[in-house]
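J.: Provided below are the primary sequence and the corresponding predicted coordinates.
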Amino acid sequence: MTPEHQAGADGWAVETSELRCGIGGRSVLDGIHLRIPLGSFVGVFGSNGAGKTTLFRSLLGLEPLQGGRLRLLGRDGVAARTQVGYVAQRDPPGADSFLSVRSYVAAAWQAERWGFGDAGRADAVAAALQSMEVDDLADRPMDALSGGQRQRVRIAQALVNPVRMLLLDEPLANLDPQAQQRILEVARRLCSERGLTVLMTAHDINPLLPHMDRVLYLANGKGLLGRVDEVVNAPSLSALYGLPMAVARDGGYVFIHPAGGFMAEGAAHCGHDHAAPESGEAE
Ligand SMILES: Nc1ncnc2c1ncn2[C@@H]1O[C@H](COP(=O)(O)OP(=O)(O)OP(=O)(O)O)[C@@H](O)[C@H]1O
Ligand SMILES: [Mg+2]
């Protein structure tokens, strides 16, 4: 069953209209319309500063909404935020280096909130470690992990509670293609087999192409959400960026760039993007 068919009355993981959000009191996104079906895997793209992190933090209630309407997992506003696991773009510095992987994941277990009592902790930690294929690392100190291992452990921590959605902010950054694929494959399985909704920001669209159901591009304070073929084409991206954009395909790779070539800051390129636009829309 495709994600579209799962979207009933409350079948949207994220539903927004005219959403306005910002960070640190600054307005970043304005007029964002989204309808993200439950159980879908959405890649979120946009140049540095486009507002990807701001959107995630706003969906989680970490930044106050500046306007518009938000429903998350069928509930108004951010009431359902406890059912959303979040892996931030950056860790707080040095916060966990001395912990073992098992203790790091266990530290996020919210026994009281879920009413499971502390007894469920070991099972929840074991399941989370297994989900991310890091069970063999359980006794390692956090500061003795590779970058790819660390990212998988960070996602395991976000999964230790019974969440229904994951917001993963740049989990592929600085990883080699194999480590990226490992994370993408697990994220895909979480959607397909467990019905989780996953939103993942990234700078290169290519590694996500075989895995994601939807793409969300952010630029100029607006957003464009849809299937890859609906969004990743010259007319759609030109409208969003407010300048002529070109989309080239070569050997299965997508390259997105300003139609005139790379110029000033604010233009886009190979699936990474860097730009500016106009209308916000979903599907
Ligand atoms: N704490 C803050 N206070 C004020 N402005 C901020 C703060 N954090 C980010 N900004 C600004 O908000 C805008 C959106 O930033 P955001 O971090 O959401 O972008 P992003 O798309 O996640 O970028 P990146 O790809 O670099 O992670 C930028 O102009 C940024 O400079
Ligand atoms: Mg960011």
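T.: Nice, I can see it. Ligands and ions are numbered 1, 2, ... in the order given.
J.: Every contact and neighbour count from this point should use C-alpha atoms.
T.: Fine.
J.: so who does His36 touch?
T.: You called it His, but residue 36 is Ile. 12-15, 42 (C-alpha atoms under 8 Å, 6 or more residues apart in numbering).
J.: Torsion angles phi and psi at it?
T.: phi -110, psi 110 (degrees, to the nearest 10).
J.: same deal with the one 3 residues further on?
T.: Note on Gly39: its backbone torsions stand at phi 80, psi 10 [degrees, to the nearest 10].
J.: How about the contacts made by it?
T.: With C-alpha under 8 Å, 6+ apart, Gly39 has these contacts: 3, 6, 13, 191-192, 194-198.
J.: go on, Glu15?
T.: 33-36, 70-72.
J.: likewise Lys52?
T.: Per C-alpha under 8 Å, 6+ apart, neighbours of Lys52: 44-46, 169, 201, 218.
J.: if we can go back for a sec, from the contacts of Glu15, which ones fall inside strands?
T.: Mapping these onto strands (DSSP state E) picks out 33-36, 70-72.
J.: picking up where we left off before, in the contacts of Ile36, find the pair that's most separated.
T.: Glu15 and Val42 (13.6 Å; C-alpha to C-alpha).
J.: re earlier: which one of the ones in strands among the contacts of Glu15 has the most neighbours?
T.: Sorting those by how many neighbours each has (other C-alpha atoms under 10 Å) puts Ile36 first, at 30 neighbours.
J.: May I have the beta-bridge partners of that one?
T.: Applying DSSP bridges to Ile36 gives these bridge partners: Val14.
J.: Same question for Arg69.
T.: Bridge pairing for Arg69 - DSSP bridges - gives Ser17.
J.: what's the residue closest to the geometric middle of the chain?
T.: A centroid search over the chain (C-alpha atoms, centre = their mean) returns Met200, at 2.3 Å, as the residue closest to the centre.
J.: In a helix, that residue, correct?
T.: No - applying DSSP: H, G, I helix; E, B strand; the rest coil, one finds Met200 to be strand, outside a helix.
J.: That one touches Thr53, doesn't it?
T.: No - in this structure Met200 lies outside contact range of Thr53 using C-alpha atoms under 8 Å: 10.3 Å.
J.: Tell me the spacing between Pro64 and Ala50.
T.: Separation of Pro64 from Ala50 (C-alpha to C-alpha, to the nearest Å) stands at 18 Å.
J.: Show me which residues of this protein sit near ligand 1.
T.: 23-24, 26, 28, 46-54 (C-alpha under 6 Å from any ligand atom).
J.: Which entry within these corresponds to the minimum pLDDT?
T.: Lowest in pLDDT among the residues of the chain next to ligand 1 is Gly24, which has 83.
J.: How about the contacts made by the closest residue to that residue other than its chain neighbours?
T.: Once flanking residues are discounted, Gly24 sits nearest to Glu63: 7.7 Å by C-alpha to C-alpha, 6 or more residues apart in numbering. By C-alpha under 8 Å, 6+ apart, the residues touching Glu63 are 21-24, 54, 57.
J.: Got the phi and psi for Glu63?
T.: phi -120, psi 140.
J.: Quick check: which ranges of this structure have low pLDDT?
T.: 1-10, 94-95, 111-118, 262-283 (pLDDT under 70).
J.: rerun at 80
T.: Low-confidence regions of the chain, defined by pLDDT under 80, span residues 1-10, 92-97, 111-119, 260-283.
J.: Which residue ranges of it form strands?
T.: Under DSSP E, the chain gives strands at 12-23, 26-37, 41-45, 65-72, 75-76, 84-87, 165-168, 197-201, 214-219, 222-226, 245-250, 253-258.
J.: starting at the chain centroid, how far to the first one?
T.: Strand 12-23 sits 14 Å away from the centroid of its parent chain (C-alpha atoms, centre = their mean, to the nearest Å).
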